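Provide a 3D model corresponding to the input given below.
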Amino acid sequence: MSYVEKNLIPGEKLVYRTGVHWSVLTGAAIVAAIFAAPGIAILVYRDEIAAKGIPVNAVAIAGVALILVAAVVFGLAVIKKNATEIAVTDRRVIIKTGLTSRRSLEIMLAKVESIGIDETLVGRMLGYGTVVIHGTGGTPEPFRKIAHPSQFRMAVQQQIDRAKT
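Modelled structure (predicted):
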């Protein structure tokens, strides 16, 4: 069960959910490919490499080690991406980041002053941007590389309008 679902107030309904955009994984994917490609090559050509005097087991261990490093690098990035939850309920906005150390922001809809969106050209094409939430009496809270920021803002605005009527 997710953080958002665990922390719903009785009777509160989840209206919209988003998270961090997949593009945050591109750096980790490149680094993982840099490690995995030689690892795979070493395993494919291990007999030829071993013919040069290196034990076959050592060659295989080196190839597997490189592939494991690639898997760990990419796996950690996926875990970090999935550790961010962003939701709109019929009563509040909930944003939780982090896995081992957690940071959460929960703003009642009545306390939301404004929601700003910053999107680059690439962000607009791929569907991500920075969401800046201004709560009454608080400092702006920016959240970067959020998937579908316009839909998130629309969901918040709709819930604020519903709460007023």
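
how about the helix or strand hosting Leu68: buried residues?
Following DSSP states H and E, the helix or strand that holds Leu68 is helix 56-82. The neighbour-count check on helix 56-82 (16 or more other Cβ atoms under 10 Å) flags Val59, Ala62, Gly63, Leu66, Ile67, Val69, Ala70, Val73, Phe74, Ala77, Lys80, Lys81 as buried. Glycine gets a C-beta too; all of them are placed from N, C-alpha and C.

what's next to the worst-scoring helix or strand of the chain on mean pLDDT, contact-wise?
One helix or strand of the chain scores below all others by mean pLDDT, DSSP states H and E: helix 46-50, with a mean of 88. Contact with helix 46-50 is made by Ile42, Val56, Val59, Ala60, Gly63, as judged by Cβ atoms under 8 Å, 6 or more residues apart in numbering.

surely Leu76 meets Ala28?
Yes: when contacts are counted by Cβ atoms under 8 Å, Leu76 is listed as touching Ala28 (7.4 Å).

report the central residue of the protein.
The centre of the chain sits closest to Lys81, judged by Cα atoms, centre = their mean, with a distance of 2.6 Å.

now it: how far from Leu8?
23 Å (Cβ to Cβ, to the nearest Å).

which strand residues bridge Tyr128?
Ala147 (DSSP bridges).

same check on Ile95?
Ile86, Leu105.

and for it, the neighbour number?
24 (other Cβ atoms under 10 Å).

which residues touch it?
Thr84, Glu85, Ile86, Ala87, Ser104, Leu105, Glu106, Ile133, Glu141, Phe143.

distance of it from Val31?
Taking Cβ to Cβ, one finds Ile95 at 27 Å from Val31.

what does Leu99 give?
Applying Cβ to Cβ to Leu99 and Val31 gives a distance of 20 Å.

more neighbours, the two?
It is Val31, of Leu99 and Val31, that has more neighbours when counted by other Cβ under 10 Å, with 15 against 11.

that one touches Ala71, doesn't it?
No: in this structure Val31 lies outside contact range of Ala71 using Cβ under 8 Å: 11.5 Å.
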